[in-house]
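**Q** turn this into a model:
(one chain, ligands or ions: 2)
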Amino acid sequence: MPMKGQDLKVSLISNSAQETMRVAKEFGLQLKPGDIVFLQGDLASGKTTFVKGLAQGFRVNPKKVNSPTFVLMNYYKGKVPLYHFDFYRLDPGTIEAFDFDEYFYGDGICLIEWPERLGIHAPRLSYLVQFQHKGENKRRLCISCLLKHRVKSSR
Ligand SMILES: Nc1ncnc2c1ncn2[C@@H]1O[C@H](COP(=O)(O)OP(=O)(O)O)[C@@H](O)[C@H]1O
Ligand SMILES: [Mg+2]
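**A** Ligands and ions are numbered 1, 2, ... in the order given. Take a look at the predicted model:
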């Protein structure tokens, strides 16, 4: 019986950027409009690489996928709209001014790098993917599914 909070967790080692993209593509195939995925990890731990692979599964050219560090959000028009956020440089003034809810509670899938920068403004998430640097080409990926939220949101 799952416990509340983080209910299902998969941990794996990726030995290349290509492998991370493959995992992300597989993972992405079961996402649904309205899902919110948090991507957490240090710089260069593989968050954007993960989004490239995931986007590929939605028929978006991975070359179009870049960290939206300076623009806050990139939109990729795939089978389902993908909203790719990077809040690394988010400042409190922008949080107040920008209407994120339109995207967070919209018709697409939100992929959020540096979600911790949102603080109390962070939306409820469906999945948490954590990245750890383990070597030049080695990363640990830990994917948690937050069933509690998904059950609620599907009603
Ligand atoms: N196993 C791996 N998984 C993901 N990226 C890897 C891996 N091995 C090497 N890399 C490289 O590490 C870098 C990760 O960068 P990026 O995905 O932009 O990270 P972040 O968005 O977390 O800052 C890329 O240059 C990528 O090619
Ligand atoms: Mg990035």
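**Q** rest of the way, CA atoms for contacts and neighbours
**A** Noted.
**Q** just list the residues touching Leu29, thanks.
**A** Counting by CA atoms under 8 Å, 6 or more residues apart in numbering, Leu29 touches 54, 57-58.
**Q** and of the residues you listed, the nearest to ligand 1?
**A** Proximity of the contacts of Leu29 to ligand 1 was ranked by CA to the nearest ligand atom; the top entry is Leu54 with 12.0 Å.
**Q** verify the stated contact: the closest one with Ala24.
**A** Yes. Using CA atoms under 8 Å, Leu54 is in contact with Ala24, at 4.7 Å.
**Q** neighbour count winner among those two?
**A** Using other CA atoms under 10 Å, the more surrounded residue of Leu54 and Ala24 is Leu54, with 26 against 22.
**Q** any idea which helix or strand carries the more buried one?
**A** For Leu54, the enclosing helix or strand under DSSP states H and E is helix 47-56.
**Q** go on, Glu102?
**A** Applying DSSP H and E as the criterion places Glu102 in helix 101-104.
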